[in-house]
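J.: Requesting a structural model of the entry that follows:
(chains A, B, C and D)
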There are 2 protein chains.
Amino acid sequence: MSSVVLEEPDIRTGDCIDVLKKVPDGSVNLIVTSPPYGAQRKDTYGGIPPDQYVDWFLPRAVEFKRTLAADGSFILNIKEHADSGQRHLYVHKLVIALVEQQGWRLVDEFIWHKKNSSPGKWPNRFRDAWEHVFHFTKNPGFKFRQDQVKIQAAASTLNRAKHLGVRDFEMTAPETGSGLKRCVANCVGRELVYPSNVLHLSAETGNQGHSAAYPVALPEFFVKLMSAPGDLVMDPFAGSGTTGVVCRMHGRRFLGIDIHKENCDLCRKRWEQTPPSENDEEAAGQ
Amino acid sequence: MSSVVLEEPDIRTGDCIDVLKKVPDGSVNLIVTSPPYGAQRKDTYGGIPPDQYVDWFLPRAVEFKRTLAADGSFILNIKEHADSGQRHLYVHKLVIALVEQQGWRLVDEFIWHKKNSSPGKWPNRFRDAWEHVFHFTKNPGFKFRQDQVKIQAAASTLNRAKHLGVRDFEMTAPETGSGLKRCVANCVGRELVYPSNVLHLSAETGNQGHSAAYPVALPEFFVKLMSAPGDLVMDPFAGSGTTGVVCRMHGRRFLGIDIHKENCDLCRKRWEQTPPSENDEEAAGQ
DNA sequence: CTGCACTATGAATCGCTAA
DNA sequence: GTTAGCGATTCATAGTGCA
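T.: Prediction:
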């Protein structure tokens, strides 16, 4: 029950390339972000044209790397869009540039499987139901607390838990909107297994006017996995502040940056509306 | 019930870059293949080093493009491996080169979610449970018969949804027949639904001694979707001949190429052991 | 037909040791 | 230092058979 004393969230308005200039080297423990995608969202972000995307992103990533702690991670959620029947290549090019030009280590690529992706039928493609989530680090060693993100096993595996009644499992069912189970204390000892690098999460609905749907469970997974209570988590494209919500839920400090004042206001509002973490859940996870 | 008269499979031993020289322009309707991955399989393929992978692949892709019909598709299943804590980049580089140097159109990227991925627990990553499946074409127009791959909600699926709790909606359930899986929740109340670009398949068991597990359901999906009965399907890295098996099952002609005579023998054997298509299933699919 | 028990197996990765 | 080779280790799931 060692409560972490939470400061107010640090929400700053501006382009992260400028704002981060004032952030000290190595002071950020984890970066989790979903940057503006290609040119689709012109109204919201100004629309970075696909052929300028890498050049736009790279100087910002320099600041990300500088401000990130030696054992920190950079989680990048992104998806190339289709245009004239083809997928753009800027995501592939960005990954290569981050590794080869900036020295990031590409540890792994997670797949976010969006279970309830928007319906629709096109003559030349199916519904797009996934997005990239790249895991970059600065060094071979980084925080990776696997026991914090165990999930419930599939039914076939649960045969081993036959002693337990079905109702027990229903009681530990995931919260609405979260495909990843909250590993609270009463789940421990049941059938919890390690996840793989494919994350099955529903895209969130009702995202408070922000244009990019970003379910709480996505940053939650990485915040729990790659940071500890009291750590500083940064989202340079904070949007509606979902990463910040997760930070408040789990006792992390939050630095959110967004170029639009309206988004920054929304970040603060959602932080206020989120109940802070009451106990040190990390101990229970062990 | 219009049976397609099937020729014997055309299995040729050699490097596809040489063998394809004798194949006429535009004579192949669909290419489905899983090339040798990075340097892992030295015994089987000679092990292409990651830093030479793109240069090794590109001249072969030239032949793929030349022999492919104008409305054909090229399906490429591949996965970069991890090495010293990092994922290699040759897959990203290959995709860019295929598009920008050779003029392929990258229509979409499917994700093959391997439900039974290889075991292991490491300090810095989770189990790898997915592979890329890239869809390339030569032109904007291509065969895309979506109704052939609609997914049925199995009766057992609906029953289970009734009997079990919320947790069951997190899982996927088997489709009757092809082995494609679907999220239960999306199936409730519907008989046939279109799939998304995330394919949930288990890796195959008992793959007859070949090193690469390539489940029948994977090429089957693309053969049904992107070719018609009587079409010629080509696999330039045929391996154990799983693509050929699918061709016999669905009344397609097959051109299989492999550098190892043992694999070619295996391809023929598996073709022989596969019951040919008896009826024109295409009509039923509508 | 359901439910349960048991078993087989999957394109792997890390880290150490030797050259 | 640097690389290459090899061994030890890892676990969720599907599938099958039987009560």
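J.: Is the longest helix that chain A contains in proximity to chain B?
T.: Assignment by DSSP state H gives helix A:53-67 as the longest helix of chain A. No. Judged by C-beta under 8 Å from any C-beta of the partner chain, helix A:53-67 makes no contact with chain B; its nearest approach is 11.3 Å. The way it works is simple: take the backbone N, C-alpha and C, and place the C-beta from them, glycine included.
J.: wait, isn't residue A:30 in contact with residue A:71?
T.: No. In this structure, residue A:30 is not within contact of residue A:71 by C-beta atoms under 8 Å, at 9.8 Å.
J.: low pLDDT regions in chain A?
T.: The model of chain A has pLDDT under 70 over residues A:1-6, A:40-46, A:119, A:155-190, A:205-213, A:279-286.
J.: Pull the number of nearby residues for residue A:134.
T.: Residues lying near residue A:134 (other C-beta atoms under 10 Å in any protein chain shown) number 21.
J.: Who does it form a beta bridge with?
T.: residue A:76, residue A:109 (DSSP bridges).
J.: hang on, isn't it packed against residue A:79?
T.: No. With contact defined as C-beta under 8 Å, residue A:134 does not reach residue A:79; the gap is 11.2 Å.
J.: follow-up on the earlier one: any residues in contact with both of residue A:30 and residue A:71?
T.: Both residue A:30 and residue A:71 are contacted by residue A:143, under the criterion C-beta atoms under 8 Å, 6 or more residues apart in numbering or on different chains.
J.: Pick out whichever of the two has more residues nearby.
T.: Neighbour comparison, residue A:30 and residue A:71: the larger count goes to residue A:30, with 28 against 17 (by other C-beta under 10 Å).
J.: ok, now which ones touch the nearest residue to that one once chain neighbours are set aside?
T.: Take residue A:30 and drop its neighbours on the chain: the residue closest to it by C-beta to C-beta, 6 or more residues apart in numbering or on different chains is residue A:227, 4.3 Å away. Going by C-beta under 8 Å, 6+ apart, residue A:227 touches A:29, A:30, A:143, A:233, A:252.
J.: What is the nearest of these to residue A:130?
T.: Minimum distance to residue A:130 across the contacts of residue A:227 is 22.8 Å, recorded for residue A:30 (C-beta to C-beta).
J.: Dihedrals phi and psi, that closest one?
T.: Phi and psi for residue A:30, reported as degrees, to the nearest 10, are phi -160, psi 140.
J.: ditto for residue A:130
T.: According to degrees, to the nearest 10, residue A:130 has phi -150, psi 160.
J.: tally of neighbours for the residue of the stretch 1-150 of chain A found nearest DNA strand D?
T.: Closest contact between the stretch 1-150 of chain A and DNA strand D, by C-beta to the nearest atom of the strand, is at residue A:150 (7.7 Å). Residues near residue A:150, counting by other C-beta under 10 Å, number 19.
J.: ok, and the closest non-adjacent residue to it?
T.: residue A:192 (3.8 Å).
J.: for the residue nearest the centre of chain A, phi and psi?
T.: Nearest to the mean C-alpha position of chain A, counting by C-alpha atoms, centre = their mean, stands residue A:219 at 2.7 Å. The phi and psi values for residue A:219, taken as degrees, to the nearest 10, are phi -60, psi -30.
J.: Surely it and residue A:246 touch.
T.: Yes. Taking contacts as C-beta under 8 Å, residue A:219 lies within contact range of residue A:246: 4.7 Å.
J.: which residues in chain A form strands?
T.: Assigned by DSSP state E, the strands in chain A fall at A:10-13, A:28-33, A:68-78, A:82-83, A:86-87, A:105-114, A:130-137, A:151-152, A:192-193, A:198-201, A:232-235, A:253-258.
J.: Switch the ones you listed over to TSV; also include distance to residue B:272.
T.: Shown next, in TSV, are those (distance: least, C-beta to C-beta, whole Å):
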stretch	distance to residue B:272
strand A:10-13	68
strand A:28-33	54
strand A:68-78	47
strand A:82-83	42
strand A:86-87	39
strand A:105-114	38
strand A:130-137	38
strand A:151-152	44
strand A:192-193	41
strand A:198-201	36
strand A:232-235	58
strand A:253-258	63
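J.: out of those strands, which comes closest to residue B:90?
T.: Smallest distance to residue B:90 across the strands of chain A (C-beta to C-beta): 12.0 Å, for strand A:105-114.
J.: So what touches that closest one?
T.: A:73, A:77, A:95, A:98-99, A:129-140, A:142, A:197-203, A:218, B:82, B:85-87, B:89, B:111, B:113, B:124-126, B:128, B:130, B:198.
J.: Distance check, the nearest residue to residue A:99 once chain neighbours are set aside against residue B:29.
T.: Closest residue to residue A:99 apart from its sequence neighbours, by C-beta to C-beta, 6+ apart: residue A:106 at 5.3 Å. Relative to residue B:29, residue A:106 is positioned 36 Å away (C-beta to C-beta, to the nearest Å).
J.: Likewise for residue A:100?
T.: Residue A:100 is 38 Å from residue B:29, by C-beta to C-beta.
J.: Please apply the same query to residue A:105.
T.: In terms of C-beta to C-beta, residue A:105 sits 42 Å off from residue B:29.
J.: repeat for residue A:252
T.: 54 Å.
J.: and if you look at residue A:201?
T.: 37 Å.
J.: Mark out where each domain of chain A begins and ends.
T.: Here the domain assignment for chain A is A:10-147+A:195-275, A:151-193, based on automatic domain parsing.
J.: okay, those domains, which one's buried deepest?
T.: Highest mean neighbour count of the domains of chain A: domain A:10-147+A:195-275, a mean of 19 (counted as mean count of other C-beta atoms under 10 Å in any protein chain shown).
J.: what about it, start to end distance?
T.: Distance across domain A:10-147+A:195-275, first residue to last, is 17 Å (C-alpha to C-alpha, to the nearest Å).
J.: what do you get for stretch A:109-127?
T.: Start-to-end, stretch A:109-127 (C-alpha to C-alpha) is 21 Å.
J.: is DNA strand C contacted by it?
T.: No. Judged by C-beta under 7 Å from any atom of the strand, stretch A:109-127 and DNA strand C are separated, with a smallest distance of 10.7 Å.
J.: same check, this time on stretch A:64-84
T.: No. Under the criterion of C-beta under 7 Å from any atom of the strand, DNA strand C is not reached by stretch A:64-84; the shortest gap measures 14.2 Å.
J.: what separates that stretch from the chain centre, distance-wise?
T.: Counting by C-alpha atoms, centre = their mean, to the nearest Å, stretch A:64-84 is centred 10 Å from the centre of its parent chain.
J.: what residues does the stretch 1-150 of chain A put near chain B?
T.: A:82, A:84-87, A:89, A:92-93, A:95-96, A:99-100, A:105-109, A:111, A:113, A:115-117, A:121, A:123-130, A:140, A:142, A:144, A:146.
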